[in-house]
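K.L.:
this one's sequence-less:
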């Protein structure tokens, strides 16, 4: 991927021919000499390297906190990169003052990233400052000096000092943000689209959100030819038409969870997302990347598999559609050629009265890799299962579509007896292995428990958890 990367860094315009695969974190510290953005884990876990990325959406620029240790420089083209230096003013901002007053900093290493994420929170138009909102904004940050209690206590101060005056225009008017933020929509619109590939036909690596590939191959990516997929806005967005929910493959986890059509389909989607990853990672991780990564425990992969999604691939001018239920051939083996790009995910519109559920067990409640995860969609009439989609992760070399279990359950009444009768069938389908996330026996137990959880959560009027234990 060759060409000039043209963006704004805080209030300054930047044009650079640095390699597109260089991390934004490394560019900031090694090239721009901006040391406020700290280098911590380089895996997206600690939040010390958080920055804000502003992107044009219609007539305004929307800012989202992300971890700069997982973002390629090439993706900055046409965007506004804001670091802690770009948020500093002559006086402390309400966010900074709140941290000082609550004693929510000690060594200070993690504080710049924490300030960045909290500023991203109050920069959202109409953001309501709540305790849960503050905790969600801080979900991607570690602090081992001060701990979390003092950080969570900044909420009353922010509410008192900012109140309902959230959003960029209000923060600029009150002197919290620099005035250059108001000029940014016009400045970004003036940047031309990214340049041509200069004859390059086959890049060595495609990069979407970067949340896995930079962890696995981070040292190599600056030295090779990469194609930054996020420079293709046509591969983003969600729309409903012709019986499908059309989801661009570059749609991020956070964009997916906030979309009204998705919420209509899966009312608890935001609760699920809070378990999957931090806000900063959900702003980067893409649905397409989660699928192509082909992890047996991919959180969104398991959900989309249960929804029986279709995958649309493009290779030059040619495209084809692959049912997700037939996409995974073996461990990291896919029905896809190296030159094909996943462009769109089609989720069939469920019939009326379909209920969708998702379950996950991991060592930590939040922000952790699953030991076993599972998703289900069920349509029943008069208490009888008419249609079902069921997927399990962490129990096979691939995300597992539970065909035999589904076939058994279809046409049967929803009851504890029915679910119990499905247990041995499910056990025959799975083949878990022992690893750091649990023994094979433990994962088999979770298969049973998650089946129970699905039905008791989705159909509380028909069964309760105690119905299972009373039979033992």
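P.N.:
Perfect, thanks for sending it. For clarity, every value in this text was computed on a predicted model and none was experimentally measured.
K.L.:
quick one: what helix or strand has the residue found closest to residue 13 once you drop the neighbours it is linked to in the chain in it?
P.N.:
Nearest residue to residue 13, sequence neighbours excluded (CB to CB, 6 or more residues apart in numbering): residue 187, at 7.4 Å. Quick note: C-beta positions are derived from backbone N, CA and C, even for glycine. Using DSSP states H and E, residue 187 maps to helix 180-189.
K.L.:
which residues touch that helix?
P.N.:
For helix 180-189, contacts defined as CB atoms under 8 Å, 6 or more residues apart in numbering pick out 8, 10-11, 13, 54-56, 59-61, 78-80, 168-169, 171-172.
K.L.:
quick one: buried residues of it?
P.N.:
Using 16 or more other CB atoms under 10 Å as the test for burial, helix 180-189 gives 181, 184, 185, 187, 188.
K.L.:
average pLDDT across that helix?
P.N.:
With pLDDT averaged residue by residue, helix 180-189 scores 96.
K.L.:
Could you list the residues in contact with the helix or strand that it is followed by?
P.N.:
Using DSSP H and E, the helix or strand that follows helix 180-189 in sequence is strand 205-207. The contact list for strand 205-207 (CB under 8 Å, 6+ apart) reads 21, 72, 75, 213, 217, 221, 224-230, 341.
K.L.:
Looking at those, which are in strands?
P.N.:
Those of those mapping onto strands are 226, 227, 228, 341, per DSSP state E.
K.L.:
how far away is residue 26 from residue 132?
P.N.:
34 Å (CB to CB, to the nearest Å).
K.L.:
the more surrounded of these two?
P.N.:
Using other CB atoms under 10 Å, the more surrounded residue of residue 26 and residue 132 is residue 26, with 19 against 10.
K.L.:
Please, which helix or strand holds the more buried one?
P.N.:
helix 24-26.
K.L.:
how much distance is there from that helix to the middle of the chain?
P.N.:
20 Å (CA atoms, centre = their mean, to the nearest Å).
K.L.:
Over to stretch 433-451?
P.N.:
25 Å.
K.L.:
buried set for it?
P.N.:
Neighbour-count burial for stretch 433-451 flags 437, 438, 443, 444, 446, 447, 448, 449, 450, 451 (criterion: 16+ other CB under 10 Å).
K.L.:
from the residues you listed, which has minimum pLDDT?
P.N.:
residue 437 (91).
K.L.:
before we move on, the earlier item: can I get the buried residues of helix 180-189 in JSON lines with distance to residue 32?
P.N.:
Listed next are the buried residues of helix 180-189 as JSON lines, based on distance: CB to CB, whole Å:
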{"residue": "181", "distance to residue 32": "19"}
{"residue": "184", "distance to residue 32": "18"}
{"residue": "185", "distance to residue 32": "23"}
{"residue": "187", "distance to residue 32": "18"}
{"residue": "188", "distance to residue 32": "19"}
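K.L.:
Looking at those, point me to the pair that's furthest apart.
P.N.:
181 and 188 (11.5 Å; CB to CB).
K.L.:
so where's the stretch 51-200 of the chain uncertain?
P.N.:
195-200 (pLDDT under 70).
K.L.:
Quick one: the strands in it, in order.
P.N.:
60-67, 80-82 (DSSP state E, counting those that start in this stretch).
K.L.:
Check those for me and report the most buried one.
P.N.:
Stretch with highest mean neighbour count among those: strand 80-82 (a mean of 26; mean count of other CB atoms under 10 Å).
K.L.:
ok so, going back, can you flag which of the contacts of helix 180-189 belong to helices?
P.N.:
168, 169, 171, 172 (DSSP state H).
K.L.:
Please indicate which of the residues you listed are buried?
P.N.:
Buried among the ones in helices among the contacts of helix 180-189 (16+ other CB under 10 Å): 168, 171.
K.L.:
Which members of the ones in helices among the contacts of helix 180-189 define the maximum pairwise distance?
P.N.:
169 and 171 (7.4 Å).
K.L.:
returning to what we had before: redo the buried residues of stretch 433-451 as CSV? Include secondary structure.
P.N.:
As requested, these are exported to CSV (DSSP: H, G, I helix; E, B strand; the rest coil):
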residue, secondary structure
437, coil
438, strand
443, helix
444, helix
446, helix
447, helix
448, helix
449, helix
450, helix
451, helix
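K.L.:
Just to check, residue 443 is in contact with residue 393?
P.N.:
No - assessed by CB atoms under 8 Å, residue 443 is found out of contact with residue 393, at 10.2 Å.
K.L.:
Now for those two: what residues contact both?
P.N.:
Joint contacts of residue 443 and residue 393 (CB under 8 Å, 6+ apart) are residue 372.
K.L.:
who's in contact with residue 17?
P.N.:
3, 4, 5.
K.L.:
In which helix or strand does residue 284 reside?
P.N.:
Counting by DSSP H and E, residue 284 is part of no helix or strand.
K.L.:
Just list the residues touching it, thanks.
P.N.:
Here residue 284 is in contact with 44, 66, 67, 70, 71, 209, 210, 211, 252 (CB under 8 Å, 6+ apart).
K.L.:
and which of the residues you listed is nearest to residue 430?
P.N.:
residue 211 (27.1 Å).
K.L.:
ok, how many other residues are close to the closest one?
P.N.:
26.
K.L.:
re the thing from before, which among the contacts of residue 284 gets closest to residue 161?
P.N.:
Using CB to CB, the contacts of residue 284 come closest to residue 161 at residue 66, 25.6 Å.
K.L.:
so how far is residue 60 from that closest one?
P.N.:
Counting by CB to CB - residue 66 and residue 60 are separated by 18 Å.
K.L.:
Domain map for the chain?
P.N.:
5-189, 232-348, 356-469 (automatic domain parsing).
K.L.:
Export those domains as CSV, with columns for distance to residue 203.
P.N.:
Converted to CSV, the domains of the chain look like this (distance: least, CB to CB, whole Å):
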stretch, distance to residue 203
domain 5-189, 10
domain 232-348, 10
domain 356-469, 26
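K.L.:
Good, wrapping up.
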